[in-house]
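Chemist: model the structure of this input:
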Amino acid sequence: MPKPLQFAMRRMREPLFEMHLAVMSISGIGPALAQCVLKLTSDPAMKKITSLVLATLSLTVSALDSRATDQYADTVIAFSSEYSNQRWSAAQTLGPPDTFAYGDLDTAWAPSAKNGTLEYITVGFPAPVRADAVTIRETFGNGFVFQVDVRDLAGVYHTVWVGIDPSQPGMPVDFLVEFPLTGFMVDAVRVHVDTDHDLSAWEEIDAVVLHGVEDSDGDGVPDGVDVCPNSIMTETVVIRGCDTGVVNMVFDDGCTLADVVQLAGDEARNHGAFVSSIVKLADALQRTGWIDRREAVSLVRCAARGSRRQR
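Modeler: Numbering: from 1, shown residues only. You can find the predicted model right below:
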């Protein structure tokens, strides 16, 4: 499915920069404010843009779902113990399931102790994602997971679930742990195991799956609804070597302020037209409270000094 705003832009054939000026007016508030914009504006172009934005808002959920990813673990990062370095090793948790019966089978990971310990295993995944679920395939002693953590790209672990594992013995179970979509990229999962859950069995894991959505530029907006999936992610907006000092904020559609400046340069007929676009941008940002007057002046000053290309 095409990204919602890009789809609208193709239909209306309006400049992308002009669309962003409209989106800034409703960004983060949604249909209610958009309806107000329709009632209050006398600008036909703004009415057209806002109507199309309203029409495409309903596409965002299905677009997000269409970019969901499921990944099996491909790397063992750490573990508390393993029964051996081959049979029942930590590496047995990698890749798709290969343990299809319930029991003490050496194609799953088992800790070195049958009872009396709290264990953990940490596994990594091929591509970082914003995560919203983890599946743990339990194949013996089911019901032993008591905590799940995810790791961000800075190496910090975040606990996303603590509770009672409802998995029942007798057959392999894919225990699904769901949680709100993380605001950060996740590249690893740590599963905590209580070996005293079933005193008559070893607690064994065959596979771990990370569920989430892609976010190529790490701006916190999933690719499926990101108009700018490869955003300029500098800390401040820099226009042809001139640092404006203005924070390079991320808008709800996934574009950064630097992206919008770049779009203005791409679509301007000449340098004068580019400067005019930045004046409009700075005014819109100031009126909606994104920046103050000093920052608005800085944007215009750097635009006037530099080329119309952002980078």
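
Chemist: got the end-to-end distance for stretch 157-168?
Modeler: 28 Å (CA to CA, to the nearest Å).

Chemist: now stretch 92-111: buried residues?
Modeler: Q92, T93, L94, P97, T99, Y102, L105, T107, A108, W109, A110, P111 (16 or more other CB atoms under 10 Å). All C-beta atoms are positioned from the backbone trio N, CA, C, and that covers glycine.

Chemist: now the strands for the stretch 101-250 of the chain?
Modeler: For the stretch 101-250 of the chain, applying DSSP state E, counting those that start in this stretch gives strands covering 118-140, 145-152, 157-162, 173-178, 185-194, 204-213, 236-239, 242-247.

Chemist: hmm, back to that, between the buried residues of stretch 92-111, which is nearest F274?
Modeler: Of all the buried residues of stretch 92-111, L94 has the smallest distance to F274: 51.6 Å, by CB to CB.

Chemist: per-residue pLDDT, that closest one?
Modeler: Note for L94: predicted pLDDT of 98.

Chemist: numbering from 483 from now on, please.
Modeler: Right, with 483 as the first residue, what we last looked at is L576.

Chemist: just to revisit the earlier point, redo the buried residues of stretch 574-593 as a markdown table? Include distance to M667.
Modeler: Below are the buried residues of stretch 574-593 laid out as a markdown table (distance: CB to CB, whole Å):
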| residue | distance to M667 |
| --- | --- |
| Q574 | 27 |
| T575 | 22 |
| L576 | 21 |
| P579 | 26 |
| T581 | 30 |
| Y584 | 35 |
| L587 | 34 |
| T589 | 31 |
| A590 | 29 |
| W591 | 26 |
| A592 | 31 |
| P593 | 29 |
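
Chemist: before we move on, which element is R776 in?
Modeler: Element membership for R776, per DSSP states H and E: helix 775-787.

Chemist: thinking again about what came up before, A755: which of the buried residues of stretch 574-593 is nearest?
Modeler: The closest of the buried residues of stretch 574-593, once distances to A755 are taken by CB to CB, is L576, at 55.1 Å.

Chemist: if you skip the residues just before and after it, what's nearest to that closest one?
Modeler: Sequence neighbours aside, A555 is the residue nearest to L576 in space, at 5.3 Å (criterion: CB to CB, 6 or more residues apart in numbering).

Chemist: wait, the one you found sits on I687?
Modeler: No: using CB atoms under 8 Å, A555 makes no contact with I687, being 10.0 Å away.

Chemist: which of the two has more neighbours?
Modeler: Higher neighbour count among A555 and I687: I687, with 28 against 24, using other CB atoms under 10 Å.

Chemist: how much space separates that one from V655?
Modeler: For I687, the distance to V655 equals 11 Å [CB to CB, to the nearest Å].
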